[in-house]
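Undergrad: Any chance you could fold what I've pasted below:
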Amino acid sequence: EFLRAVWTNPHGLGLLQGPSLSGKTTIIHHFIATLHEDPSVAVVDAAQLNADDLPGRVIEGFGFDLKLDTVSEQMNFLRVFIMQQAASEKAPLLIIDNAQTLNPEILKQLNDLAGIEAGNAFALRIVLSGNRDVHDLIVTPKTPSIATRLMGTFNMVPMDNEEVGHFVRSKLGAGGCSQPTKIAPDAMQKELHQASGGWPGMVDRLMTLALAEAKQLPLTAKNLDRPQLPEMTGNAGLQLNAHEDIEISGAKLYLTYKGRTLREIPLDSERIILGRTDHNDISISSRFISRNHALFIRDGSFTLLMDLNSTNGTFVNSRRISNHIMVHDDVISLGHHGLKFCDPSAVDTHPLIDVDMDDTIIMKNVDDVRRRMARENTRIASVAKGKQAS
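TA: Below you'll find the model as predicted:
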(Lines give C-alpha, C1' and ligand atoms only; values in the text may rest on other atoms or scores of the structure.)
Protein backbone atom coordinates (compact mmCIF):
# COMPACT_ATOMS: atom_id res chain seq x y z
CA GLU A 1 0.00 0.00 0.00
CA PHE A 2 2.87 2.37 0.81
CA LEU A 3 4.63 1.54 -2.46
CA ARG A 4 1.44 2.17 -4.42
CA ALA A 5 0.97 5.50 -2.66
CA VAL A 6 4.51 6.51 -3.64
CA TRP A 7 3.93 5.43 -7.23
CA THR A 8 0.67 7.38 -7.62
CA ASN A 9 1.74 10.56 -5.78
CA PRO A 10 3.10 13.53 -7.81
CA HIS A 11 5.95 13.85 -5.28
CA GLY A 12 6.52 10.09 -5.42
CA LEU A 13 9.72 9.41 -3.45
CA GLY A 14 9.76 7.12 -0.41
CA LEU A 15 12.02 4.98 1.76
CA LEU A 16 11.35 1.28 2.42
CA GLN A 17 13.56 0.11 5.27
CA GLY A 18 14.04 -3.15 7.10
CA PRO A 19 16.89 -5.37 8.26
CA SER A 20 18.31 -8.10 6.05
CA LEU A 21 15.87 -11.03 5.67
CA SER A 22 12.87 -8.83 6.54
CA GLY A 23 11.15 -9.44 3.19
CA LYS A 24 11.77 -6.12 1.40
CA THR A 25 12.79 -7.68 -1.92
CA THR A 26 9.81 -10.05 -1.93
CA ILE A 27 7.42 -7.16 -1.28
CA ILE A 28 8.99 -5.06 -4.04
CA HIS A 29 8.70 -7.82 -6.65
CA HIS A 30 5.15 -8.64 -5.56
CA PHE A 31 4.22 -4.97 -5.89
CA ILE A 32 5.73 -4.77 -9.39
CA ALA A 33 3.72 -7.85 -10.39
CA THR A 34 0.49 -6.08 -9.36
CA LEU A 35 1.08 -3.11 -11.68
CA HIS A 36 -1.32 -4.14 -14.42
CA GLU A 37 -1.03 -0.70 -15.99
CA ASP A 38 2.36 -1.83 -17.34
CA PRO A 39 4.52 1.15 -16.36
CA SER A 40 8.25 1.28 -16.98
CA VAL A 41 9.98 -0.08 -13.87
CA ALA A 42 13.72 -0.30 -13.25
CA VAL A 43 15.22 -2.08 -10.24
CA VAL A 44 18.87 -1.28 -9.56
CA ASP A 45 21.10 -2.80 -6.85
CA ALA A 46 23.18 0.04 -5.42
CA ALA A 47 25.64 -2.44 -3.92
CA GLN A 48 26.82 -3.31 -7.45
CA LEU A 49 27.32 0.28 -8.64
CA ASN A 50 30.56 2.12 -9.22
CA ALA A 51 30.75 5.91 -9.36
CA ASP A 52 29.38 6.43 -12.89
CA ASP A 53 27.25 3.29 -13.25
CA LEU A 54 23.83 4.56 -12.20
CA PRO A 55 22.54 6.12 -15.46
CA GLY A 56 23.57 3.10 -17.56
CA ARG A 57 22.03 0.62 -15.11
CA VAL A 58 18.78 2.60 -15.03
CA ILE A 59 18.65 2.59 -18.84
CA GLU A 60 19.17 -1.19 -18.84
CA GLY A 61 16.53 -1.56 -16.12
CA PHE A 62 13.99 0.21 -18.30
CA GLY A 63 14.69 -2.35 -21.03
CA PHE A 64 16.99 -0.47 -23.41
CA ASP A 65 20.16 -1.93 -24.94
CA LEU A 66 22.05 1.25 -25.84
CA LYS A 67 25.72 2.06 -26.21
CA LEU A 68 26.07 5.64 -25.01
CA ASP A 69 29.65 6.67 -24.41
CA THR A 70 29.37 9.23 -21.63
CA VAL A 71 27.39 9.77 -18.44
CA SER A 72 26.14 13.05 -19.90
CA GLU A 73 24.65 11.26 -22.92
CA GLN A 74 23.06 8.66 -20.67
CA MET A 75 21.52 11.33 -18.42
CA ASN A 76 20.18 13.24 -21.43
CA PHE A 77 18.55 10.08 -22.79
CA LEU A 78 16.97 9.32 -19.42
CA ARG A 79 15.69 12.88 -19.10
CA VAL A 80 13.92 12.70 -22.48
CA PHE A 81 12.52 9.20 -21.85
CA ILE A 82 11.28 10.01 -18.34
CA MET A 83 9.60 13.24 -19.44
CA GLN A 84 7.91 11.52 -22.39
CA GLN A 85 6.56 8.76 -20.18
CA ALA A 86 5.29 11.20 -17.57
CA ALA A 87 3.67 13.39 -20.24
CA SER A 88 1.68 10.35 -21.40
CA GLU A 89 0.57 9.73 -17.77
CA LYS A 90 2.84 6.69 -17.41
CA ALA A 91 5.41 8.03 -14.97
CA PRO A 92 8.23 5.46 -14.72
CA LEU A 93 9.28 3.93 -11.41
CA LEU A 94 12.90 3.55 -10.24
CA ILE A 95 13.61 1.25 -7.29
CA ILE A 96 17.07 1.41 -5.73
CA ASP A 97 17.88 -1.60 -3.52
CA ASN A 98 20.64 -1.51 -0.88
CA ALA A 99 20.35 2.27 -0.73
CA GLN A 100 22.61 2.29 2.34
CA THR A 101 25.57 1.75 -0.04
CA LEU A 102 24.95 4.87 -2.18
CA ASN A 103 28.04 7.07 -2.44
CA PRO A 104 28.07 10.87 -2.91
CA GLU A 105 28.63 10.71 -6.69
CA ILE A 106 25.73 8.32 -7.25
CA LEU A 107 23.53 10.39 -4.93
CA LYS A 108 24.29 13.45 -7.05
CA GLN A 109 23.16 11.61 -10.20
CA LEU A 110 20.06 10.32 -8.40
CA ASN A 111 19.25 13.83 -7.21
CA ASP A 112 19.46 15.06 -10.82
CA LEU A 113 17.00 12.35 -11.89
CA ALA A 114 14.72 13.21 -8.96
CA GLY A 115 14.60 16.83 -10.12
CA ILE A 116 13.18 16.08 -13.60
CA GLU A 117 9.72 17.61 -13.99
CA ALA A 118 6.92 17.21 -16.51
CA GLY A 119 4.16 19.79 -16.29
CA ASN A 120 3.45 20.52 -12.65
CA ALA A 121 4.68 17.20 -11.27
CA PHE A 122 7.92 15.32 -10.84
CA ALA A 123 8.39 12.89 -13.69
CA LEU A 124 10.14 9.91 -12.06
CA ARG A 125 8.77 7.96 -9.09
CA ILE A 126 11.51 6.66 -6.79
CA VAL A 127 11.65 4.07 -4.00
CA LEU A 128 14.85 3.63 -2.01
CA SER A 129 15.15 0.35 -0.11
CA GLY A 130 17.76 -0.21 2.58
CA ASN A 131 18.65 -2.47 5.49
CA ARG A 132 19.29 0.43 7.86
CA ASP A 133 18.05 3.98 8.34
CA VAL A 134 19.27 5.96 5.30
CA HIS A 135 17.39 9.23 5.88
CA ASP A 136 20.48 11.21 6.92
CA LEU A 137 22.46 9.71 4.03
CA ILE A 138 20.08 10.85 1.31
CA VAL A 139 18.65 14.06 2.79
CA THR A 140 21.52 16.56 2.68
CA PRO A 141 22.13 20.08 1.38
CA LYS A 142 23.65 18.45 -1.72
CA THR A 143 20.45 16.51 -2.53
CA PRO A 144 17.73 19.20 -2.54
CA SER A 145 15.43 17.42 -5.00
CA ILE A 146 15.43 14.23 -2.93
CA ALA A 147 14.91 16.18 0.29
CA THR A 148 12.02 18.16 -1.20
CA ARG A 149 10.26 15.11 -2.59
CA LEU A 150 10.67 12.66 0.29
CA MET A 151 7.14 11.69 1.31
CA GLY A 152 7.87 9.31 4.14
CA THR A 153 9.53 6.15 5.38
CA PHE A 154 8.08 2.70 5.93
CA ASN A 155 9.99 0.50 8.39
CA MET A 156 9.29 -3.21 8.06
CA VAL A 157 7.60 -4.94 11.00
CA PRO A 158 8.25 -8.59 11.97
CA MET A 159 5.45 -11.15 11.87
CA ASP A 160 3.67 -12.11 15.06
CA ASN A 161 3.37 -15.72 16.25
CA GLU A 162 0.12 -16.35 14.37
CA GLU A 163 1.53 -14.90 11.15
CA VAL A 164 4.67 -17.05 11.43
CA GLY A 165 2.47 -20.13 11.77
CA HIS A 166 0.44 -19.19 8.70
CA PHE A 167 3.66 -18.40 6.78
CA VAL A 168 5.18 -21.80 7.59
CA ARG A 169 2.01 -23.71 6.73
CA SER A 170 1.68 -21.84 3.43
CA LYS A 171 5.31 -22.47 2.47
CA LEU A 172 5.09 -26.17 3.32
CA GLY A 173 1.77 -26.45 1.50
CA ALA A 174 3.22 -24.78 -1.59
CA GLY A 175 6.00 -27.36 -1.49
CA GLY A 176 3.49 -30.20 -1.69
CA CYS A 177 3.01 -31.00 2.00
CA SER A 178 -0.65 -31.84 2.68
CA GLN A 179 -0.27 -31.89 6.49
CA PRO A 180 2.17 -29.13 7.50
CA THR A 181 1.56 -29.59 11.23
CA LYS A 182 2.95 -33.14 10.95
CA ILE A 183 6.27 -31.51 10.06
CA ALA A 184 6.09 -28.30 12.11
CA PRO A 185 3.61 -28.66 15.00
CA ASP A 186 2.05 -25.56 16.54
CA ALA A 187 4.39 -25.70 19.55
CA MET A 188 7.41 -25.78 17.25
CA GLN A 189 6.05 -22.82 15.28
CA LYS A 190 5.95 -20.76 18.48
CA GLU A 191 9.60 -21.61 19.09
CA LEU A 192 10.33 -20.69 15.47
CA HIS A 193 8.74 -17.27 15.98
CA GLN A 194 10.98 -16.65 18.97
CA ALA A 195 14.12 -17.91 17.24
CA SER A 196 13.50 -15.92 14.04
CA GLY A 197 12.20 -12.73 15.61
CA GLY A 198 9.33 -12.98 13.13
CA TRP A 199 11.43 -11.94 10.12
CA PRO A 200 10.34 -13.91 7.00
CA GLY A 201 13.81 -14.53 5.60
CA MET A 202 15.03 -15.74 8.98
CA VAL A 203 12.04 -18.10 9.23
CA ASP A 204 12.91 -19.49 5.79
CA ARG A 205 16.55 -19.96 6.72
CA LEU A 206 15.87 -21.65 10.07
CA MET A 207 13.26 -23.98 8.56
CA THR A 208 15.57 -24.95 5.68
CA LEU A 209 18.42 -25.76 8.08
CA ALA A 210 16.13 -27.63 10.46
CA LEU A 211 14.67 -29.80 7.69
CA ALA A 212 18.11 -30.50 6.23
CA GLU A 213 19.58 -31.64 9.54
CA ALA A 214 16.59 -33.34 11.19
CA LYS A 215 16.91 -37.09 11.64
CA GLN A 216 13.18 -37.51 12.27
CA LEU A 217 9.89 -35.65 12.07
CA PRO A 218 8.07 -33.72 13.38
CA LEU A 219 10.53 -30.94 14.02
CA THR A 220 11.04 -29.75 17.59
CA ALA A 221 12.65 -26.74 19.22
CA LYS A 222 15.90 -28.71 19.42
CA ASN A 223 16.16 -28.60 15.61
CA LEU A 224 16.29 -24.79 15.57
CA ASP A 225 19.39 -22.63 15.58
CA ARG A 226 19.31 -19.48 17.71
CA PRO A 227 21.03 -16.83 15.56
CA GLN A 228 21.56 -13.23 16.54
CA LEU A 229 18.45 -11.36 15.45
CA PRO A 230 18.51 -8.18 13.34
CA GLU A 231 17.23 -4.95 14.86
CA MET A 232 14.44 -2.72 13.59
CA THR A 233 15.53 0.07 11.24
CA GLY A 234 13.31 2.63 12.99
CA ASN A 235 9.85 3.11 14.45
CA ALA A 236 7.42 0.49 13.18
CA GLY A 237 5.33 1.22 10.13
CA LEU A 238 4.82 4.47 8.29
CA GLN A 239 6.60 7.70 9.24
CA LEU A 240 5.42 10.67 7.18
CA ASN A 241 7.15 13.91 6.36
CA ALA A 242 5.19 16.76 7.89
CA HIS A 243 4.36 18.46 4.57
CA GLU A 244 2.96 15.39 2.86
CA ASP A 245 -0.63 14.39 2.23
CA ILE A 246 0.02 10.77 1.28
CA GLU A 247 -3.15 8.70 1.53
CA ILE A 248 -2.78 5.39 3.33
CA SER A 249 -6.22 3.98 3.99
CA GLY A 250 -7.30 2.98 7.47
CA ALA A 251 -6.17 3.57 11.03
CA LYS A 252 -3.86 0.99 12.59
CA LEU A 253 -2.48 0.05 15.98
CA TYR A 254 0.97 -1.43 16.56
CA LEU A 255 1.02 -3.68 19.62
CA THR A 256 4.29 -3.68 21.58
CA TYR A 257 5.53 -5.54 24.64
CA LYS A 258 8.39 -4.02 26.62
CA GLY A 259 9.29 -1.92 23.58
CA ARG A 260 9.24 -4.77 21.04
CA THR A 261 6.66 -4.64 18.25
CA LEU A 262 4.45 -7.75 18.22
CA ARG A 263 1.88 -7.12 15.49
CA GLU A 264 -0.15 -4.66 13.46
CA ILE A 265 -3.88 -4.34 14.19
CA PRO A 266 -6.19 -2.63 11.67
CA LEU A 267 -9.01 -0.53 13.11
CA ASP A 268 -11.37 -1.54 10.35
CA SER A 269 -14.78 -1.58 12.04
CA GLU A 270 -17.02 0.97 13.74
CA ARG A 271 -16.48 -0.53 17.20
CA ILE A 272 -13.46 -2.40 18.58
CA ILE A 273 -13.30 -3.66 22.17
CA LEU A 274 -9.96 -4.25 23.87
CA GLY A 275 -9.56 -6.52 26.87
CA ARG A 276 -7.92 -9.51 28.49
CA THR A 277 -10.30 -12.30 27.44
CA ASP A 278 -10.62 -13.98 24.06
CA HIS A 279 -14.12 -12.66 23.30
CA ASN A 280 -12.72 -9.15 22.76
CA ASP A 281 -11.88 -7.84 19.30
CA ILE A 282 -8.35 -7.11 20.56
CA SER A 283 -7.32 -9.66 23.18
CA ILE A 284 -4.17 -9.03 25.24
CA SER A 285 -3.30 -11.51 27.97
CA SER A 286 -1.96 -9.40 30.85
CA ARG A 287 -2.80 -9.02 34.53
CA PHE A 288 -2.70 -5.24 34.05
CA ILE A 289 -5.60 -5.36 31.57
CA SER A 290 -9.23 -5.76 32.62
CA ARG A 291 -11.58 -8.31 31.09
CA ASN A 292 -13.24 -5.48 29.11
CA HIS A 293 -10.73 -2.66 29.29
CA ALA A 294 -11.33 -0.05 26.58
CA LEU A 295 -13.41 0.73 23.51
CA PHE A 296 -12.46 2.28 20.17
CA ILE A 297 -15.24 3.98 18.20
CA ARG A 298 -14.59 4.96 14.59
CA ASP A 299 -16.63 7.73 12.94
CA GLY A 300 -15.29 9.01 9.64
CA SER A 301 -11.80 10.39 10.22
CA PHE A 302 -12.14 10.35 14.01
CA THR A 303 -11.21 7.57 16.43
CA LEU A 304 -12.54 7.85 19.98
CA LEU A 305 -10.92 5.81 22.78
CA MET A 306 -13.06 5.22 25.88
CA ASP A 307 -11.93 3.54 29.10
CA LEU A 308 -14.52 0.98 30.28
CA ASN A 309 -13.99 1.56 34.02
CA SER A 310 -10.87 -0.60 33.91
CA THR A 311 -9.11 -1.45 37.17
CA ASN A 312 -5.69 -0.08 36.24
CA GLY A 313 -6.81 2.66 33.86
CA THR A 314 -6.00 3.58 30.28
CA PHE A 315 -3.11 5.97 29.60
CA VAL A 316 -2.48 7.93 26.40
CA ASN A 317 0.92 9.62 26.14
CA SER A 318 1.42 8.92 29.88
CA ARG A 319 -1.84 10.67 30.86
CA ARG A 320 -4.78 8.74 32.31
CA ILE A 321 -7.93 9.24 30.25
CA SER A 322 -11.62 8.40 30.42
CA ASN A 323 -12.15 9.30 26.76
CA HIS A 324 -9.77 10.66 24.16
CA ILE A 325 -9.83 11.56 20.46
CA MET A 326 -6.83 9.72 19.02
CA VAL A 327 -4.13 11.59 17.10
CA HIS A 328 -1.51 10.10 14.76
CA ASP A 329 1.42 8.66 16.78
CA ASP A 330 -0.48 8.64 20.10
CA VAL A 331 0.81 5.88 22.42
CA ILE A 332 -1.57 3.93 24.66
CA SER A 333 0.05 2.34 27.74
CA LEU A 334 -1.42 -0.82 29.28
CA GLY A 335 1.03 -2.21 31.83
CA HIS A 336 4.01 -3.66 29.95
CA HIS A 337 2.09 -3.49 26.67
CA GLY A 338 1.74 -0.49 24.41
CA LEU A 339 -0.39 0.40 21.41
CA LYS A 340 0.87 2.98 18.93
CA PHE A 341 -1.95 4.62 16.97
CA CYS A 342 -1.15 5.34 13.32
CA ASP A 343 -3.56 7.33 11.15
CA PRO A 344 -1.92 10.10 9.09
CA SER A 345 -5.32 11.75 8.63
CA ALA A 346 -5.69 12.20 12.41
CA VAL A 347 -3.30 15.11 12.79
CA ASP A 348 -5.18 17.71 14.85
CA THR A 349 -6.03 17.64 18.54
CA HIS A 350 -9.52 18.68 19.56
CA PRO A 351 -11.33 18.80 22.89
CA LEU A 352 -14.00 16.10 22.79
CA ILE A 353 -16.78 18.68 23.03
CA ASP A 354 -15.62 20.36 19.82
CA VAL A 355 -15.42 17.23 17.69
CA ASP A 356 -18.22 16.69 15.22
CA MET A 357 -18.70 13.04 16.09
CA ASP A 358 -22.28 11.80 15.95
CA ASP A 359 -23.58 11.38 19.53
CA THR A 360 -25.96 8.68 18.30
CA ILE A 361 -23.03 6.60 17.05
CA ILE A 362 -21.22 6.96 20.39
CA MET A 363 -24.23 6.05 22.53
CA LYS A 364 -25.24 3.17 20.24
CA ASN A 365 -21.78 1.63 20.53
CA VAL A 366 -21.54 2.21 24.29
CA ASP A 367 -24.97 0.59 24.80
CA ASP A 368 -23.96 -2.36 22.62
CA VAL A 369 -20.78 -2.82 24.64
CA ARG A 370 -22.68 -2.66 27.93
CA ARG A 371 -25.07 -5.38 26.73
CA ARG A 372 -22.14 -7.48 25.53
CA MET A 373 -20.36 -7.10 28.88
CA ALA A 374 -23.56 -8.00 30.75
CA ARG A 375 -23.94 -11.19 28.68
CA GLU A 376 -20.33 -12.12 29.34
CA ASN A 377 -20.67 -11.52 33.08
CA THR A 378 -23.84 -13.65 33.14
CA ARG A 379 -22.05 -16.45 31.28
CA ILE A 380 -19.10 -16.36 33.70
CA ALA A 381 -21.42 -16.35 36.70
CA SER A 382 -23.33 -19.36 35.30
CA VAL A 383 -20.10 -21.29 34.76
CA ALA A 384 -18.91 -20.50 38.28
CA LYS A 385 -22.27 -21.54 39.76
CA GLY A 386 -22.17 -24.80 37.83
CA LYS A 387 -18.70 -25.61 39.16
CA GLN A 388 -19.80 -24.92 42.74
CA ALA A 389 -22.83 -27.19 42.31
CA SER A 390 -20.62 -30.02 41.09
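Undergrad: contacts, neighbours, all on C-alpha from now
TA: Noted.
Undergrad: where in the stretch 251-390 of the chain is pLDDT low?
TA: Applying pLDDT under 70 to the stretch 251-390 of the chain picks out residues 300-301, 345, 347-390.
Undergrad: change it to 50
TA: For the stretch 251-390 of the chain, the stretches flagged by pLDDT under 50 are 349-366, 369, 380-381, 383-384, 387.
Undergrad: All the strands of it, in order from the start?
TA: Using DSSP state E, counting those that start in this stretch, the strands of the stretch 251-390 of the chain run over residues 251-257, 260-267, 271-275, 282-283, 294-299, 302-307, 314-316, 319-321, 323-325, 331-334, 337-342.
Undergrad: quick check: angle from the first one to strand 302-307?
TA: Between the axis of strand 251-257 and that of strand 302-307 there is an angle of 40 degrees, by axes from the mean of the first three to the mean of the last three C-alpha atoms, to 10 degrees.
Undergrad: Contacts for strand 251-257 next, please.
TA: With C-alpha atoms under 8 Å, 6 or more residues apart in numbering as the test, strand 251-257 has contacts from 236, 261-268, 336-343.
Undergrad: cool, the fourth one as well?
TA: The contact list for strand 282-283, computed with C-alpha under 8 Å, 6+ apart, reads 272-277.
Undergrad: Let's see that with 7 Å instead.
TA: With C-alpha atoms under 7 Å, 6 or more residues apart in numbering as the contact definition, strand 282-283 has outside contacts at 273-277.
Undergrad: Can you redo those residues as CSV, where the extra columns are distance to residue 5?
TA: Converted to CSV, those look like this (distance: C-alpha to C-alpha, whole Å):
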residue, distance to residue 5
273, 30
274, 30
275, 34
276, 36
277, 37
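Undergrad: re the thing from before, tell me which of the strands of the stretch 251-390 of the chain sits nearest to residue 130.
TA: Taking C-alpha to C-alpha, strand 260-267 is the member of the strands of the stretch 251-390 of the chain nearest to residue 130, at 19.7 Å.
Undergrad: one step back: mind checking which of the contacts of strand 251-257 are buried?
TA: Neighbour-count burial (16 or more other C-alpha atoms under 10 Å) applied to the contacts of strand 251-257 gives 236, 261-264, 267, 337-343.
Undergrad: Tabulate the strands of the stretch 251-390 of the chain (TSV), appending distance to residue 199.
TA: Formatted as TSV, the strands of the stretch 251-390 of the chain follow (distance: least, C-alpha to C-alpha, whole Å):
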stretch	distance to residue 199
strand 251-257	16
strand 260-267	11
strand 271-275	27
strand 282-283	23
strand 294-299	30
strand 302-307	31
strand 314-316	29
strand 319-321	33
strand 323-325	33
strand 331-334	24
strand 337-342	20
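Undergrad: Nearest approach to residue 164 belongs to which of those strands?
TA: Nearest of the strands of the stretch 251-390 of the chain (C-alpha to C-alpha): strand 260-267, 11.1 Å.
Undergrad: That closest one packs against which elements?
TA: Judged by 3 or more C-alpha pairs under 7 Å, 6 or more residues apart in numbering; DSSP states H and E, strand 260-267 is in contact with strand 251-257.
Undergrad: Parallel or antiparallel, which strands does the strand it packs on pair with?
TA: Strand 251-257 has its sheet partners listed here by DSSP bridges as strand 260-267 (antiparallel), strand 337-342 (antiparallel).
Undergrad: Can you give the domain ranges for the chain?
TA: Under automatic domain parsing, the residue ranges defining each domain of the chain are 2-155, 161-223, 249-375.
Undergrad: Among those domains, which comes closest to residue 231?
TA: Closest among the domains of the chain, using C-alpha to C-alpha: domain 2-155, at 6.6 Å.
Undergrad: burial measure for residue 288, as a count.
TA: As a burial measure, residue 288 scores 17 neighbours (other C-alpha atoms under 10 Å).
Undergrad: which residues sit in contact with it?
TA: 312, 334-335.
Undergrad: same deal with residue 190?
TA: Contacts for residue 190 (C-alpha under 7 Å, 6+ apart) come out as residue 161.
Undergrad: distance of it from residue 204?
TA: With distances taken as C-alpha to C-alpha, to the nearest Å, residue 190 is found 15 Å from residue 204.
Undergrad: And for residue 86?
TA: From residue 86 across to residue 204, the span is 39 Å (C-alpha to C-alpha).
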